[in-house]
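**Student:** Compute the structure for the input listed below.
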Amino acid sequence: MLQSITQLPKVHRLSIGALVLLSIFIIYWPQPTNPVQVSLVLPDLPQEPNVTEQRPVNSFTTFEIVLGDSLSTLFDKALVSPQIMLKLIADKQQKELLKNIQPGETMVFEKNPEGDLVGINYIKSPLVTERFDFVDGSFNHRTLERTPEYRTRYAGGTITSSLFLAGQQAGMSDALTMELAQIFGWDIDFALDIRSGDSFSLIYQEKFLDGQFLGYGPILAAKFTNNGTEYAAVRFTDEKGHSDFYSPDGRSMRKAFLRTPVEFARISSPFSLGRKHPILNKIRNHKGTDYAAPSGTPIKAAGDGKITFAGKKGGYGNVVVIQHGQRYSTYYAHMRAFAKSIRSGKMVKQGQIIGYVGMTGLATGPHLHYEFRVNGVPVNPVTVELPSAEPIKKDLKAAFERHATNMLGQLSSFESNGFAKAD
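**Tutor:** Take a look at the predicted model:
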């Protein structure tokens, strides 16, 4: 057979040799061993939550407090047991917080999914909420307060007819105009002294919460020019947190007495020692000043003091007499009615409402007859020099002067940089 192969053509012999070599290679090439099988045990992965499945949540029932509501009626509306309400007011502090709820405030009752009370939010304002958590059968109280953002604003104007109209033209609210008048009300009689051409300027603050306007903050500094005389006032807060207005040299803008005890009334009859009485038709001393005002207009105590008389007194009609220390006393006559709790022996504060304008006694129309007496002698309340309140304390004088310079500088900057007063 080998001889037969050698007799083949060369190409055939090479092909047979290659085939033999390939066979040997396949036969003797090592075979792979059996593969090792490895088993991995993986931990169970957490299941994705079912997004459609919702956990039970607490419910909130909100009541806006209206006239006639009480804590008891609110609990009744919220379907909460009176026994739980008694637990709430068993604490003296909590009872004090809740005894004077006012219309316009809000009460929110929070309950769990089972309908049990969890807590109460007493929302007194956007900034203050009293929270009462009901835990283990008793209430825990905490106050939640938010701080508003304050923005400084400028306003100014010139009076042509009235202060209120000029204030409105300057973009001021009536309340802000009233505050301005109260600052300068000890030096300027806004019922008698205002002139066309008088002007004012002020910087004040506005309060915002979450970008929403909440209301007006305090006036920071103000000027008022009356009949050519300029008055300036700066608000300053002392180390005890008490705020008041002072002139640039540190004198209190407040006087010990209000110049007029009724706001924006007109003088219908001035102080006179030789006036003809409109009813008796006789010449009699008019020992005070008459301020004509609509019936029911509030009358304020001109200063701190003690009521020595409150009742009917001849031609005075309903009258209140207040003693202010040893030297001064004030009389308020022809009242329609006395304010609540006004009686002899009661102490009153400056600006406190003591009664309402009327025409009791000898009177031809509703007005306040106001007397100011010094050592028992009547003097003209419009022209009398009123004693001042306490000035800035000496140890605060330097701090006040720096503050006043800063505030009045800001006010002048507003006036001179395009924030012109509205004419």
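
**Student:** What segments of the protein are helices?
**Tutor:** Ranges of helices within the chain are 2-6, 10-28, 71-77, 82-89, 92-98, 163-169, 174-184, 397-416, based on DSSP state H.

**Student:** Can you dump the C-alpha atoms of stretch 166-186 in CSV for me?
**Tutor:** Listed next in CSV are the C-alpha coordinates belonging to stretch 166-186 (Å, rounded to 0.1, in the frame of the first residue of the first chain):
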residue,chain,number,x,y,z
ALA,A,166,-53.1,114.1,51.0
GLY,A,167,-52.3,110.8,52.6
GLN,A,168,-54.5,108.9,50.1
GLN,A,169,-52.8,110.7,47.2
ALA,A,170,-49.4,109.7,48.7
GLY,A,171,-50.6,106.0,48.7
MET,A,172,-51.0,105.9,52.5
SER,A,173,-53.8,104.0,54.3
ASP,A,174,-56.0,105.9,56.6
ALA,A,175,-54.5,104.0,59.5
LEU,A,176,-51.0,105.1,58.6
THR,A,177,-52.2,108.7,58.2
MET,A,178,-53.8,108.5,61.7
GLU,A,179,-50.5,107.2,63.1
LEU,A,180,-48.7,110.1,61.6
ALA,A,181,-51.1,112.5,63.2
GLN,A,182,-50.8,110.8,66.5
ILE,A,183,-47.0,111.3,66.4
PHE,A,184,-47.2,115.0,66.0
GLY,A,185,-50.6,115.4,67.8
TRP,A,186,-49.0,116.8,71.0
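
**Student:** so which of the helices of the chain gets nearest G115?
**Tutor:** Nearest to G115 among the helices of the chain is helix 82-89; the distance by Cβ to Cβ comes to 12.5 Å. Where C-beta positions appear, they are placed from N, C-alpha and C, glycine not excepted.

**Student:** Which positions within that closest one qualify as buried?
**Tutor:** The neighbour-count check on helix 82-89 (16 or more other Cβ atoms under 10 Å) flags 84-85, 88-89 as buried.

**Student:** for stretch 237-248, same thing?
**Tutor:** In terms of neighbour count (16+ other Cβ under 10 Å), stretch 237-248 has its buried residues at 244-247.

**Student:** related to what we said a few turns ago, least confident of the helices of the chain, on average?
**Tutor:** The stretch with the lowest average pLDDT out of the helices of the chain is helix 2-6, scoring a mean of 54.

**Student:** and A90, how many neighbours?
**Tutor:** 11 (other Cβ atoms under 10 Å).

**Student:** and it, backbone torsions?
**Tutor:** Note on A90: backbone dihedrals following degrees, to the nearest 10 are phi -70, psi -30.

**Student:** neighbouring strands for the top strand by length along the chain, and are they parallel or not?
**Tutor:** In the chain, assigned by DSSP state E, the strand with the most residues is strand 212-226. For strand 212-226, sheet partners with direction are given as strand 199-209 (antiparallel), strand 229-237 (antiparallel), following DSSP bridges.

**Student:** ok, so what distance separates S412 from T237?
**Tutor:** Using Cβ to Cβ, to the nearest Å, we find S412 at a distance of 22 Å from T237.

**Student:** List the contacts of P56.
**Tutor:** Under the criterion of Cβ atoms under 8 Å, 6 or more residues apart in numbering, the contact list for P56 reads 112-113.

**Student:** What of G317?
**Tutor:** If you count contacts by Cβ under 8 Å, 6+ apart, G317 has them with 333-335, 358-363.

**Student:** that older thread, just so I know, which of the helices of the chain lies nearest S138?
**Tutor:** Each of those was checked against S138 via Cβ to Cβ, and the shortest separation belongs to helix 82-89, namely 6.2 Å.

**Student:** Tell me, what's the model's pLDDT at the residue nearest to S269 when sequence neighbours are not counted?
**Tutor:** Distances taken as Cβ to Cβ, 6 or more residues apart in numbering put D290 closest to S269, at 3.9 Å, once the chain neighbours are dropped. The model reports D290 with a pLDDT of 92.

**Student:** Which strand residues bridge D290?
**Tutor:** Using DSSP bridges, the beta-bridge partners of D290 come out as S269, H369.

**Student:** circling back: for the longest strand of the chain, which outside residues touch it?
**Tutor:** 126-127, 148, 150, 152, 173, 175-176, 179-180, 183-184, 188, 193-195, 198-208, 230-235, 243, 404, 407-408, 410-411.

**Student:** so where is the stretch 151-300 of the chain shaky, pLDDT-wise?
**Tutor:** Applying pLDDT under 70 to the stretch 151-300 of the chain flags residues 264, 271-285.

**Student:** re the thing from before, sort out which of the contacts of strand 212-226 are buried, if you could.
**Tutor:** Members of the contacts of strand 212-226 that pass the buried threshold by neighbour count (16+ other Cβ under 10 Å) are listed as 148, 176, 179-180, 183-184, 188, 194, 198-207, 231-235, 404, 407-408, 411.

**Student:** quick one: the closest residue to V66 other than its chain neighbours from I65, how far?
**Tutor:** Ranked by Cβ to Cβ, 6+ apart and with sequence neighbours excluded, the top spatial neighbour of V66 is P103, at 5.5 Å. Separation of P103 from I65 (Cβ to Cβ) stands at 6 Å.

**Student:** I159 now?
**Tutor:** With distances defined as Cβ to Cβ, the gap from I159 to I65 amounts to 40 Å.

**Student:** Look at the two and report which has more neighbours.
**Tutor:** Applying other Cβ under 10 Å to I159 and I65 shows that I159 carries more neighbours, namely 22 against 19.

**Student:** can you give me the end-to-end distance of stretch 229-243?
**Tutor:** Across stretch 229-243, the terminal residues are separated by 25 Å (Cα to Cα, to the nearest Å).

**Student:** what does it contact?
**Tutor:** Stretch 229-243 has contacts (Cβ under 8 Å, 6+ apart) with 183-184, 187-188, 218-225, 244-248, 253, 392-393, 396, 400, 403-404, 407-408.

**Student:** One more: stretch 340-347?
**Tutor:** Contact partners of stretch 340-347, identified using Cβ under 8 Å, 6+ apart, comprise 304-311, 320, 348, 354-355.
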